[in-house]
Structure formats: structure tokens, C-alpha cells
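J.: What would the 3D arrangement of this be:
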Amino acid sequence: MSDYIIRATAADGQIRAFAATSRETVEAARLAHNTSPVATAALGRLLTGAGMMGAMMKGDRDLLTIKVDSDGPIGGMTVTADALGHVKGFVGNPGVMLPPNDKGKLDVGGALGIGVLSVIHDIGMKEPYIGQTILVTGEIAEDLTYYFATSEQTPSSVALGVLMNRENTVRQAGGFLIQLLPGASDEIAADLENRLKEISSVTSLLDQGQTPEEILETVIGGYDLEILDTLPLAFACNCSWPRIEKALVSVGRQELQKMIDDGETIEVNCDFCGKHYHVTVDELKALWEQAK
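T.: Modelled structure (predicted):
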């Protein structure tokens, strides 16, 4: 089954909900960056969370970027998402290896360490909106939950998970995001809190064969859950040769001349998808002509 996100409401509009299955998306990221298991789990969680947050945006050109700057061995992370279900991202140290945490799980929190999570919304205004919070646990889901509470003043519950196979491929990945909207009753808030405590993990639900629709039914069933729409989710990068040309032209003639003087083909790499672009000296000379 291809990855997708569902958008839903419940309790007569008092609850907004999203759920996603993202195994293929996370596996594509693993292959693109050759990530270790713990790096795959960290990046996969953030990609899934960003995908659901991107689904909140209204404009097709709106862009969401989430950056994690931290002191852990993973070296930070950056992901982006649009409103159409396209996500991409990378980690600073894709080969990071750590022993399991005290629960026997991949130690994502240990890989990230102490740091700051920044959420940047670019919706076409002169300046993007930037919200920042500290990393509460480094486990991503808790950090995004804290971000919504502090930066957007929206009571939320975020669950994210990546389950790996023994051969280090992705077995399951997905998540859900539940939000209480203004006017939600205290009774609903208390009931949701109790329901969430009973859920072991989102990957266990996925591994049992539950779909995003069934996961939301498990979490908020009984509140007249209404699925609004379904959005495909995929790891997709918009890097291209024209973008590489534009980036090289932007460095100016002086820097381009240094590259030309070296007399060798240069390699330009895309951080987000790992693709390599080779630029010959003749191509650099043509770009020099375009530069100012």
C-alpha cells in the first residue's frame, strides 16, 4: 500500500486529527542517505510529523521546514514538507550508531541530545513565521507536542514511530496528530488523555495491520469521526539541473573563476536527496557569462 495521510474531524469540530502511514517514504529516505537504524528512526519520525503538519497548510506553494539543532552525535536534522504530501530531509551524521536505550528501543533521544526545534512556515509573506522550542526529550513526537502547546497554543498529542527489520530496512512507519480546537470541552480533553494512555505505540498498531483510518478510530472513535480527505505521502526532492545552475550563478563570477581555474569538473550534491550533479569546466564558463 502506498503511503498516505488522512485528515479528519470529530466531536462536532472540537477535534482535528491526522494520521499517516509512511513506510515507503522513510525507506526511500534511508536508501537516499544510507542512514543507520537510529538515524532512520529519527529522520523517519520527523518526516512523518512534517508530512502531517504540511497537510495543515492551505496553499499549494506553502512550505514547512523543521530544523533540529542539537549537541548529540546525529549532528542535527532538517526536513521540509509542502501541502501536497511531498517531504524530504537529511541528518548531519547519517551513520550514527548508538546502543539501545533503557527500554531496548532505538535511542533517538540520545542521538539528538540537547537542542532546539525550529518550525518555519513560508506561506508567501515577506517574512516566514518561525516558532522555536527546546527539545523536551529528543524523541520527536513529544517535542512536536510541546511545540504546538507553547508556540501555537494548541493542545495536541503527536505519536510517531519507525520500526526496523533485522536487515535494517523499514518494517513500519507512521503516526497520528490529534488537536483540541478552541471550544473543546474539558470532558473530551480528559477522555482523550485517558484513551491515549492505553495506546502502546503507533508502530504496534501499524504492525497489527491497522490503517490510518483504523488508528484514528482506535483513538477517537465514538466521537463521530469524519474523514475529510486523503493525501498521498512521498519522499520527493525538487532539486534539478536548472536549480543547480541558479545556485552556482548566485555565488558570483569571482568564485566561479576559481572553479574554472582549477580546471576540473566539480560535483554538487543535494543534501536533501543525496543526488550528485557534475559540472564541467565548459559549463562553469557558460555560467560565468551569466553571473554578474
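J.: Flag the shaky bits of the stretch 1-150 of the chain, pLDDT-wise.
T.: 1 (pLDDT under 70).
J.: What is the three-state secondary structure of the residue sitting furthest away from the middle of the chain?
T.: Distance from the C-alpha centroid of the chain peaks at residue 261, with 40.1 Å (CA atoms, centre = their mean). Assigned with DSSP: H, G, I helix; E, B strand; the rest coil, residue 261 falls in the helix class.
J.: And it, how far from residue 245?
T.: From residue 261 over to residue 245 the distance is 20 Å, taken as CB to CB, to the nearest Å. (Each C-beta comes from the backbone N, C-alpha and C, glycine too.)
J.: quick one: the closest residue to residue 264 other than its chain neighbours from residue 248, how far?
T.: Closest residue to residue 264 apart from its sequence neighbours, by CB to CB, 6 or more residues apart in numbering: residue 281 at 7.2 Å. Remark: distance between residue 281 and residue 248 (CB to CB) = 13 Å.
J.: now do residue 56
T.: Per CB to CB, residue 56 is found 35 Å from residue 248.
J.: neighbour-wise, which of the two wins?
T.: Between residue 56 and residue 248, residue 248 has the larger neighbour count (other CB atoms under 10 Å), namely 22 against 16.
J.: Could you list every helix and strand in contact with whichever strand or helix holds the more buried one?
T.: Counting by DSSP states H and E, the element that carries residue 248 is helix 241-250. In terms of contacts (3 or more CB pairs under 8 Å, 6 or more residues apart in numbering; DSSP states H and E), helix 241-250 is packed against strand 266-269, strand 276-279, helix 281-290.
J.: Which stretches in the stretch 151-292 of the chain count as strands?
T.: Counting by DSSP state E, counting those that start in this stretch, the stretch 151-292 of the chain has strands at residues 156-164, 170-180, 226-232, 234-235, 266-269, 276-279.
J.: can you list those strands in a markdown table and add distance to residue 127 and mean neighbour count?
T.: Below are the strands of the stretch 151-292 of the chain laid out as a markdown table (distance: least, CB to CB, whole Å; neighbours: other CB atoms under 10 Å):
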| stretch | distance to residue 127 | mean neighbour count |
| --- | --- | --- |
| strand 156-164 | 25 | 24 |
| strand 170-180 | 25 | 24 |
| strand 226-232 | 27 | 14 |
| strand 234-235 | 29 | 20 |
| strand 266-269 | 29 | 13 |
| strand 276-279 | 31 | 13 |
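J.: Let me see the ranges of the helices in the stretch 101-250 of the chain.
T.: Under the criterion DSSP state H, counting those that start in this stretch, the stretch 101-250 of the chain contains helices at 108-112, 141-151, 186-197, 202-207, 212-220, 241-250.
J.: Alright, that wraps it up for me.
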